[in-house]
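Undergrad: Fold the following for me, if possible:
(chains A and B)
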2 protein chains.
Amino acid sequence: MTTLLTTRDVAQIVQRLGIDTCLTRLVGYLEADYLRWNEFDKTPRVAAHSQDGVIELMPIADASLYSFKYVNGHPKNTRLGLSTVMAFGALADVATGRPELLAELTLTTAMRTAATSAMVARHLARPDAKSMALIGNGAQSEFQALAFHHLLGIEEIRLFDIDPAATAKLLRHLQSVPGLKLTVCGSTAEAVRGADIVTTVTADKTNATIITPEMIEPGMHINGVGGDCPGKTELHRAVLERAKVFVEYEPQSRIEGDIQQMPADFTVTEFWRVLNGQAGGRDNHGQVTVFDSVGFALEDFSALRFLRDSARELGLGSQVALIPEMADPKDLFGQLQLAPANENVRRAA
Amino acid sequence: MTTLLTTRDVAQIVQRLGIDTCLTRLVGYLEADYLRWNEFDKTPRVAAHSQDGVIELMPIADASLYSFKYVNGHPKNTRLGLSTVMAFGALADVATGRPELLAELTLTTAMRTAATSAMVARHLARPDAKSMALIGNGAQSEFQALAFHHLLGIEEIRLFDIDPAATAKLLRHLQSVPGLKLTVCGSTAEAVRGADIVTTVTADKTNATIITPEMIEPGMHINGVGGDCPGKTELHRAVLERAKVFVEYEPQSRIEGDIQQMPADFTVTEFWRVLNGQAGGRDNHGQVTVFDSVGFALEDFSALRFLRDSARELGLGSQVALIPEMADPKDLFGQLQLAPANENVRRAA
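TA: All right, here's what the predicted structure looks like:
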């Protein structure tokens, strides 16, 4: 049987462990896997573009585990009452190909993206960073806010969204978090002014310039999370030109990242090289650093490992007959005689 | 909610509709989609190779529906009591990216492969074909036998497998099918001798030569089903040289098919062109035709449509919370408050 974790199961994991513990543990899984970078069979994701969005598959494997994520990006979905991003994925055994875990990855992607942002910022932002501008207060924003608060000690978050209802929703969720000051701003420029870290999480499928050069102050770290497909950017190219730019997996980021605006020889550093000490991070206090995040399959691999281990620990999940279980593995035809058992989908004890 | 169809649900579809009806309907879906060939966004599958096998993702989309299949191929799995091939997949709405159906595709792949073989053979085999050699009597063999019996009127099937237990299993399942004569042979050559159609469904991950030139008789149609990754073939190259060769999707078949042995300019015909009349099929009674089948994503797209429609018709399947359902689509964080409801996975009424 294959373990199935639904949205409710993942919500249970977060409720029972606490969001701060989940984010902390996720960073642990992410760092462990990023340190093993060269052990992975990596490929840019496979995208199917349509008029209003994109559907992508993100596979990755090491010698023992294989994972993939299905994820869409449809910026107009919110008008239909649907999520912009929806995701699910699986973890399988490389030796046999058997899928072990099938899991929702919508909530999980928001957590792993925030954990990745915080992991990277711990190495690139100034150690004394205390404030962050958060541009875009949609589905991923609370996760980013909490990751930077819990994992980097960010005390003030300066909010802006073109949709005031999105900002109000964020305030409703996070206004009672102890030690976190939330400041609502009237524009991106106002939110960014004086911030140590600037996080952008916007979703339009256009070449936007959310962050322009005159907003940039010495020593800022820019965590560019939104924009993750060709023709979709958030940063003005002059912002990239004056910064030291870090990416996850260069072949994919050249296609999808904000660096799609730059020439092919524009210098970027893959983050794993900073983590393992092969490359330097921030060179000095006044340098501007950019993490041009697009989301990489390795992060979902780490997140699926976290889900698998947490679900085991907490006894969560259902067992589903996604794959035949056969006494004689050559007797697939015999499976046609299966009864319509209620044991089809079984809850954990 | 996303509809989940497990192995038991698909077994129920087959039990309630009958295998002959399922295969007949599948051919209808396949032909409808093959006739729309140019409407599809096609790509060779994405493979992760390891020492003992391969794990692949097979995406495809038209303007309204997207599908993908996860499938492995691990020839040594049977020694561990596991299937050589295990598969599942999903059908999603292109306009929003929402996954509508998640389904087992192990049983279904065996059915859609057999339906594809029969669809192609109806256009390429001699119209008077009455006998078929079936080399390899493993997991897919009964499906091939029944597809050719029900859809092409094949009356005698000549069986050979290096594992006599596999042949015994096939006999056990099919010996009481009315009007079908099963003949057990002692070798591939004996099974092939005098057969109108030769179907190979073997699984070793090696360059095998199951079918050699001296076995070939004028007018034969060879349905080469096994062998579907680089370094894995079933037909001697001289068999291909003297035949007219048909494939599903040339870019993928050049990598995976038996034609991987041939030069890049070796002439092949994509089957959809025969179906819509753009290309000829068999040129004369004595010509040898080869369908170098590797399995293409379009066939899973058709199979998933068949499953979706059949499950609706029969009221089968579970509803699972694979994707968040939100009153406010920007309020993903609010999903963390979800209760651990038993309504997590809901059976159809």
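Undergrad: Determine the number of other residues adjacent to residue A:160.
TA: Residue A:160 sits with 23 neighbouring residues when counted by other Cβ atoms under 10 Å in any protein chain shown. Using the backbone N, CA and C atoms, a C-beta is placed for each residue, glycine as well.
Undergrad: from what I can see it touches residue A:187, true?
TA: Yes. Residue A:160 is within contact range of residue A:187, at 6.2 Å (criterion: Cβ atoms under 8 Å).
Undergrad: Not including adjacent chain positions, what is the nearest residue to residue A:149?
TA: residue A:180 (5.0 Å; Cβ to Cβ, 6 or more residues apart in numbering or on different chains).
Undergrad: Correction: the previous question concerned residue A:296.
TA: Nearest residue to residue A:296, sequence neighbours excluded (Cβ to Cβ, 6+ apart): residue A:248, at 4.0 Å.
Undergrad: I'd say the one you found and residue A:302 touch.
TA: No. If you go by Cβ under 8 Å, residue A:248 and residue A:302 don't touch, sitting 12.0 Å apart.
Undergrad: residues contacting the residue nearest to residue A:149?
TA: A:145, A:149, A:154-157, A:174 (Cβ atoms under 8 Å, 6 or more residues apart in numbering or on different chains).
Undergrad: ditto for residue A:308
TA: Each residue near residue A:308 by Cβ under 8 Å, 6+ apart is listed here: A:3, A:91, A:100-101.
Undergrad: any idea which element it lies in?
TA: Using DSSP states H and E, residue A:308 sits within helix A:297-314.
Undergrad: Would you format the contacts of residue A:180 as TSV with pLDDT and secondary structure included?
TA: Formatted as TSV, the contacts of residue A:180 follow (pLDDT from 0 to 100; DSSP: H, G, I helix; E, B strand; the rest coil):
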residue	pLDDT	secondary structure
A:145	98	helix
A:149	98	helix
A:154	98	coil
A:155	98	coil
A:156	98	strand
A:157	98	strand
A:174	97	helix
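Undergrad: filter the residues you listed to the buried ones?
TA: A:145, A:149, A:154, A:156-157, A:174 (16 or more other Cβ atoms under 10 Å in any protein chain shown).
Undergrad: Need the per-residue pLDDT for residue A:230.
TA: Looking at residue A:230, its pLDDT reads 73.
Undergrad: Tell me how many other residues crowd it.
TA: 14.
Undergrad: so what's it up against?
TA: Counting by Cβ under 8 Å, 6+ apart, residue A:230 touches A:49, A:255-256, A:260.
Undergrad: ok, back up a step: quick one, phi/psi of the residue nearest to residue A:296?
TA: phi -80, psi -70 (degrees, to the nearest 10).
Undergrad: close enough to count as contact, residue A:139 and residue A:86?
TA: No. Between residue A:139 and residue A:86 there is no contact under Cβ under 8 Å: 10.3 Å.
Undergrad: Could you measure from the closest residue to residue A:195 other than its chain neighbours over to residue A:172?
TA: Once flanking residues are discounted, residue A:195 sits nearest to residue A:133: 4.0 Å by Cβ to Cβ, 6+ apart. Distance check for residue A:133 against residue A:172: by Cβ to Cβ, to the nearest Å, it reads 20 Å.
Undergrad: So for these two, which residue has more residues nearby?
TA: The neighbour count for residue A:133 versus residue A:172, taken as other Cβ under 10 Å, is higher for residue A:133 (29 against 13).
Undergrad: circling back to that earlier point, among the buried ones among the contacts of residue A:180, which one lies nearest to chain B?
TA: Nearest to chain B among the buried ones among the contacts of residue A:180: residue A:174, at 8.4 Å, using Cβ to the nearest Cβ.
Undergrad: if I pick the closest one, what's in contact with it?
TA: Residue A:174 neighbours (Cβ under 8 Å, 6+ apart): A:142, A:145-146, A:180, A:182.
Undergrad: picking that back up, looking at residue A:139 and residue A:86, which one has more neighbours?
TA: Higher neighbour count among residue A:139 and residue A:86: residue A:139, with 29 against 26, using other Cβ under 10 Å.
Undergrad: Going along the chain, name the helices of the stretch 1-150 of chain A.
TA: Applying DSSP state H, counting those that start in this stretch to the stretch 1-150 of chain A gives helices spanning A:7-17, A:19-34, A:106-124, A:141-152.
Undergrad: Does residue A:64 touch residue A:91 like I think?
TA: No. Residue A:64 lies out of contact with residue A:91 (Cβ under 8 Å); the separation is 10.7 Å.
Undergrad: Those two: which is more packed in?
TA: Between residue A:64 and residue A:91, counting by other Cβ under 10 Å, residue A:91 is the more crowded of the two (22 against 10).
Undergrad: For residue A:103, see how far away the more buried one is.
TA: Applying Cβ to Cβ to residue A:91 and residue A:103 gives a distance of 8 Å.
Undergrad: isn't there a helix covering residue A:335?
TA: Yes. Using DSSP: H, G, I helix; E, B strand; the rest coil, the assignment for residue A:335 is a helix.
Undergrad: and it, what does it touch?
TA: Neighbouring residues of residue A:335 by Cβ under 8 Å, 6+ apart: A:324, A:326, B:7, B:11, B:106-107.
Undergrad: buried stuff in stretch A:36-43?
TA: In terms of neighbour count (16+ other Cβ under 10 Å), stretch A:36-43 has its buried residues at A:37, A:40, A:42-43.
Undergrad: That stretch: how far from the chain's middle?
TA: Distance, stretch centre to chain centre, for stretch A:36-43: 18 Å (Cα atoms, centre = their mean, to the nearest Å).
Undergrad: Are that stretch and chain B in contact anywhere?
TA: Yes. Judged by Cβ under 8 Å from any Cβ of the partner chain, stretch A:36-43 comes into contact with chain B through A:41, A:43.
Undergrad: what's around residue A:127, how many residues?
TA: As a burial measure, residue A:127 scores 9 neighbours (other Cβ under 10 Å).
Undergrad: And the pLDDT for it?
TA: pLDDT, residue A:127: 96.
Undergrad: and for the host helix or strand of residue A:239, what are the contacting residues?
TA: If you go by DSSP H and E, residue A:239 is part of helix A:237-241. Identification of contacts with helix A:237-241 by Cβ under 8 Å, 6+ apart yields A:211-213, A:216, A:222, A:258-259, A:261-262, A:266, A:288, A:290, A:292.
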